[in-house]
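Asker: no sequence on hand, only this structure:
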């Protein structure tokens, strides 16, 4: 309802679209840590599952995947 996305399905979708992605290129060793390292995303952890959403006060997302 509020824009939250579960981390596991998000990670699967990103890996499907970009199989060679490295989370370390985006600031963390894991997907959760990569999002947590960014000021334009919020990360929430509940019972071993994390979810992520873009902060509402940010005009445009800054997470971009660039293929080499």
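Answerer: Arrived safely. In this text the structure is predicted, and so the values were computed from the model without any measurement.
Asker: is residue 50 in contact with residue 33, as I believe?
Answerer: No. Taking contacts as Cβ atoms under 8 Å, residue 50 lies outside contact range of residue 33: 10.0 Å. Using the backbone N, CA and C atoms, a C-beta is placed for each residue, glycine as well.
Asker: quick one: which of those two has more around it?
Answerer: residue 50 (21 against 14; other Cβ atoms under 10 Å).
Asker: helix, strand or coil: sort out that one for me.
Answerer: Judged by DSSP: H, G, I helix; E, B strand; the rest coil, the three-state class of residue 50 is strand.
Asker: spatially nearest residue to it (excluding sequence neighbours)?
Answerer: residue 7 (4.3 Å; Cβ to Cβ, 6 or more residues apart in numbering).
Asker: number of nearby residues for residue 23?
Answerer: Applying other Cβ under 10 Å, I find that residue 23 has 17 neighbouring residues.
Asker: next one: it relative to residue 35, how far apart?
Answerer: The gap separating residue 23 from residue 35 is 9 Å, by Cβ to Cβ, to the nearest Å.
Asker: now swap in residue 29 and tell me
Answerer: Using Cβ to Cβ, one gets 12 Å for the distance from residue 29 to residue 35.
Asker: quick one: which of those two has more around it?
Answerer: Neighbours per residue, other Cβ under 10 Å: of residue 29 and residue 35, the larger number sits with residue 35, 25 against 10.
Asker: beyond whichever strand or helix holds the more buried one, next helix or strand please.
Answerer: Residue 35 is part of helix 31-36, with elements assigned from DSSP states H and E. Once the chain leaves helix 31-36, the next helix or strand it forms, by DSSP H and E, is strand 41-46.
Asker: which elements pack onto that following strand?
Answerer: Packed against strand 41-46 by the contact rule (3 or more Cβ pairs under 8 Å, 6 or more residues apart in numbering; DSSP states H and E) you find helix 31-36, strand 49-54.
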